Structures are given as structure tokens and as C-alpha cells.
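Trainee: my questions concern the predicted model and sequence given below.
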Amino acid sequence: MKSISRNIAIICLLFTSLVGNAQMPEGFYDFIDTTAPGRIMYYDVVSDTVPYTAQLCGGIDSTGHLVVPDTVVWDSTVYKVIGIANAAFYQEDMLYSVTLPKGITTIG
């Protein structure tokens, strides 16, 4: 049952990504990860104390397949990725699949 719910959530995220393609406006995220060529990931800090956590609030990948990492490093701090923000893939019409880490606990 948990697998079905997770798959439904992923499908919903992908459908919301079919509207268009735009960059995330500054101020809607805390930091950007561009460590992989052709990939941009926008994150919000959820907790800036131990354990450090963040949520993905947008992502673009030129291949069309986005892999959300388990952790991300920003300003020398490792953040565990625990959530996907509301409308994280809104207007990302080039995104056709998303792979989520097991540590995701919330999807907006």
C-alpha cells in the first residue's frame, strides 16, 4: 500500500510538471545545487540545526530524468533531503521522470 501511495504521489508531481518551463524565481529557495552538468536543484532549508534537513523546491535536468539525492551539501554543511515542496516541478515540461530517495517523508 505504501508503494502505491508513493507511486501516486510521483505521478501527481509529474503531471504538474507538464504545464511549461521556467526558472525558479529568486527568494523561493535557500540555495541551489548545480554540481551535476545539465542539472539545477533548488532547496529550502527545513532545519538548520542537527540533524540538518532540506526539501527540494524545484529541479531541472537536461536529460528529462531527475534523481533527487539523499543528501546535498551547502556552505560546508550536509543536509538530508526529506521532502518535496508544493509545486516543486510546476512548469517543468521537459521533466518526464523523477527518482526519489528513501528518506523522503513529505511531498507537497
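Mentor: Sure, I can see it.
Trainee: how about low-confidence regions in the chain?
Mentor: Counting by pLDDT under 70, the chain has low-confidence residues at 1-27.
Trainee: grab the most central residue of it for me.
Mentor: Geometric centre of the chain, nearest residue: Leu56, 3.2 Å, by Cα atoms, centre = their mean.
Trainee: my guess is it meets Ala88, correct?
Mentor: Yes: in this structure, Leu56 is within contact of Ala88 by Cβ atoms under 8 Å, at 5.6 Å. Glycine gets a C-beta too; all of them are placed from N, C-alpha and C.
Trainee: what's the overlap in contacts for these two?
Mentor: With contacts defined as Cβ atoms under 8 Å, 6 or more residues apart in numbering, no residue is adjacent to both Leu56 and Ala88.
Trainee: coming back round to it: could you say which helix or strand holds the residue nearest to the centre of the chain?
Mentor: According to DSSP states H and E, Leu56 maps onto strand 53-61.
Trainee: who does that strand pair up with?
Mentor: Within its sheet, strand 53-61 is paired with strand 39-47 (antiparallel), strand 77-84 (parallel), according to DSSP bridges.
Trainee: could you pull out the buried residues of the next helix or strand after that strand?
Mentor: Sequence order places strand 65-67 as the next helix or strand after strand 53-61, per DSSP H and E. Residues Leu66 are the ones in strand 65-67 that count as buried (16 or more other Cβ atoms under 10 Å).
Trainee: do the same with stretch 81-89
Mentor: 81-85, 88-89.
Trainee: distance of Val68 relative to Met94?
Mentor: 16 Å (Cβ to Cβ, to the nearest Å).
Trainee: please say which of these two ends up with more neighbours.
Mentor: More crowded of Val68 and Met94, by other Cβ atoms under 10 Å: Val68, with 18 against 13.
Trainee: tell me who's in contact with the more buried one.
Mentor: By Cβ under 8 Å, 6+ apart, the neighbours of Val68 are 41, 56, 59, 81, 84, 98-101, 104.
Trainee: could you measure from it over to Thr49?
Mentor: Using Cβ to Cβ, Val68 is found at 23 Å from Thr49.
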